[in-house]
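1. here is the input, now give the coordinates:
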Amino acid sequence: MNMPRRCLMPMWEGGGTVPPQLGVARRLLARGHSVHVLGDPTIREQAVSVGCSFSPWQRAPHRTALDPAQDLMKDWETSNPLVMLARLRDRFVAGPAAAYAADTADAITATQPDIVVPDYLLFGAIMAAQAAHLPVVPIVPNIWALPTSGAPAIGPGFPLAKGAPGRTRDAVLRGAVNRLLGRGLPTLNAARNDLGLPPLRSFYDQVLDTDRILVLSSPTFDFASPFVPRNVTYTGPILDEPSWAEVWQAPWTETNRDPLVLVGFSSTFQQQGALLRSVVEALSSLPVRAVVTLGQMLPDGEVVSTDNVVVVPSAPHGPILREASLTITHGGHGTVMKSLAAGVPMVCIPMGRDQNDNAARLVHHGAGVRLSTRSSADRIAKATQDVLTRPDFAAAAQRLAATMADEARTIDLVGELEVHAQVPAFESSSE
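-> Numbering: from 1, shown residues only. Take a look at the predicted model:
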């Protein structure tokens, strides 16, 4: 019988990034391995409910509550992608890299892992694993985000380049992003020097120079998949529900056959209250049934139900999507992937982060439309009607669903990790 392996998973309170990474942990546990999560205290309950052991960040930045005041990026304060990248560099990736490395080194000493599987943005955790001479396989819980020749840089939500003008646009933005993030290279190299590691030549090499990188997305969906480095593997999205999602009970009678619309916006704070109220106003004017899931950040009463729109703190999206005809979303990767896997088209209203880029890919594949956050309730209602009544949107979403199902049949995510932990894949699988 093959020996079980010990896995250390450093992660952070990234909202929608947590369920798929804990989904990886759940699959490792089901194959007989053990998993220790090193993360923000806000993740503890979710990690333990999956079956992981847990310890919190000590020196590194972390959140003890979901209060927006503790958010490192506070991305609702700016709409400029370059400003956000600078904050990411200084407040999270490079600035505190030495602190993340120190905490990870302590966790390595305490848990003696065979492999480290960190969030790809935790550069300090990666370098600590390298200093300990351990296999390290970073997880990208969304589309490929590093600037890559052949694909538009993440942030503005550019469409796939067509012709010389588009390629020039991408090259200019990629150069700007490279220069901006490159200013963090001296800080990274100082942290590496303290660990006895050689200096990096490029900012991105901290994550690129690893054993394997696993992208938890669909290669068909993502523009960048043909252009990623050779050690990058797309393992498909993990569609697990968050542990805090409450049981859903539909309030409608079985005779009500109006189209069902799922509304799911960010599980973290993005000042989404006013936009959600506009969505509810739009849906209240249409012959639909709608479920609005608020997530963990909006207080009771900020968005209220109407005759045909039910507002709930949370609900598992999967069961609702089995009946839904449309999703209205901010374009977070998890909601987009769950909707596409169910063959459900979308109206995307991006609010920041990678949401514009997910929306660009959705539009490229013909499975939905993108609106501005400044859209009126009337504009949202019109877009909703368009997507509900035009069969081409649903057909495109269903094609992607079939493709994603085919991709999933050829993927063994845990097997990838077992190979790099130097243990043969187990013969049995829970998948």
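2. where do the strands sit along the stretch 301-431 of the chain?
-> 309-312, 326-329, 346-348, 368-370 (DSSP state E, counting those that start in this stretch).
3. packing partners of the second one?
-> Okay, so that is strand 326-329. Counting by 3 or more CB pairs under 8 Å, 6 or more residues apart in numbering; DSSP states H and E, the packing neighbours recorded for strand 326-329 are strand 260-264, helix 333-341, strand 346-348, helix 377-389. Placement of C-beta: from N, CA and C, glycine included.
4. which outside residues touch the longest one?
-> In this structure, residues lying in contact with helix 377-389 by CB atoms under 8 Å, 6 or more residues apart in numbering are 259, 261, 278-279, 281-283, 285-286, 288, 325-326, 328, 345-347, 349, 368-369, 371, 375, 393.
5. one step back: right, and the strands of the stretch 301-431 of the chain - which one's nearest residue 216?
-> Smallest distance to residue 216 across those (CB to CB): 17.8 Å, for strand 326-329.
6. any regions of this structure where pLDDT drops low?
-> By pLDDT under 70, the weakly predicted segments of the chain are 1-2, 253, 266, 268-270, 422-431.
7. can you give me the domain assignment for it?
-> By the assignment in automatic domain parsing, the chain contains the domains 6-236+408-420, 260-389.
8. can you add distance to residue 243 and mean neighbour count and give those back as JSON lines?
-> Formatted as JSON lines, those follow (distance: least, CB to CB, whole Å; neighbours: other CB atoms under 10 Å):
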{"stretch": "domain 6-236+408-420", "distance to residue 243": "5", "mean neighbour count": "19"}
{"stretch": "domain 260-389", "distance to residue 243": "10", "mean neighbour count": "20"}
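9. same list (the ones you listed) but as CSV, adding distance to residue 254.
-> Putting the domains of the chain into CSV (distance: least, CB to CB, whole Å) gives the following:
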stretch, distance to residue 254
domain 6-236+408-420, 31
domain 260-389, 11
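10. those: which one's closest to residue 399?
-> When those are ranked by proximity to residue 399 (CB to CB), domain 260-389 comes first, at 8.0 Å.
11. sorry, back to before: which of the domains of the chain sits closest to residue 244?
-> domain 260-389 (6.1 Å).
12. quick one: that closest one to chain centroid distance?
-> 17 Å (CA atoms, centre = their mean, to the nearest Å).
13. what's the span of it from first residue to last?
-> 13 Å (CA to CA, to the nearest Å).
14. quick check: phi and psi on residue 197?
-> phi -100, psi 150 (degrees, to the nearest 10).
15. try residue 23
-> phi -60, psi -40.
16. I'd say it and residue 237 touch.
-> No: here residue 23 does not reach residue 237: they are 9.2 Å apart, not a contact under CB atoms under 8 Å.
17. need the residues touching each of the two.
-> What both residue 23 and residue 237 touch, as defined by CB under 8 Å, 6+ apart, is an empty set.
18. quick one, which of the strands of the stretch 301-431 of the chain gets closest to residue 159.
-> strand 368-370 (10.1 Å).
19. list the strands paired with the closest one, with their directions.
-> Sheet neighbours of strand 368-370, with direction, are listed as strand 346-348 (parallel) (DSSP bridges).
20. residues contacting the strand it pairs with, please?
-> Contacts for strand 346-348 (CB under 8 Å, 6+ apart): 326-331, 336, 339, 355, 358-359, 362-363, 367-371, 380, 383-384, 387, 397.
21. let's go with 7 Å and repeat that
-> 326-329, 331, 336, 339, 359, 362, 367-371, 383-384, 387 (CB atoms under 7 Å, 6 or more residues apart in numbering).
22. and stretch 290-302, by the same measure?
-> Stretch 290-302 is contacted by residues 66, 244, 261-269, 273, 276, 280, 283, 303, 308-315, 320 when judged by CB under 7 Å, 6+ apart.
23. can you check stretch 96-115 too?
-> Contacts of stretch 96-115 (CB under 7 Å, 6+ apart): 5-8, 10, 36, 38, 55, 57-61, 122-125, 127-129, 132, 134-135, 137, 187-188, 191, 194-195, 417, 420-421.
24. could you do stretch 263-279 as well?
-> By CB under 7 Å, 6+ apart, stretch 263-279 touches 15-16, 68, 71, 76, 290-293, 295-298, 302-303, 317, 327-330, 332, 335, 349, 351-352, 373, 376-377, 380.
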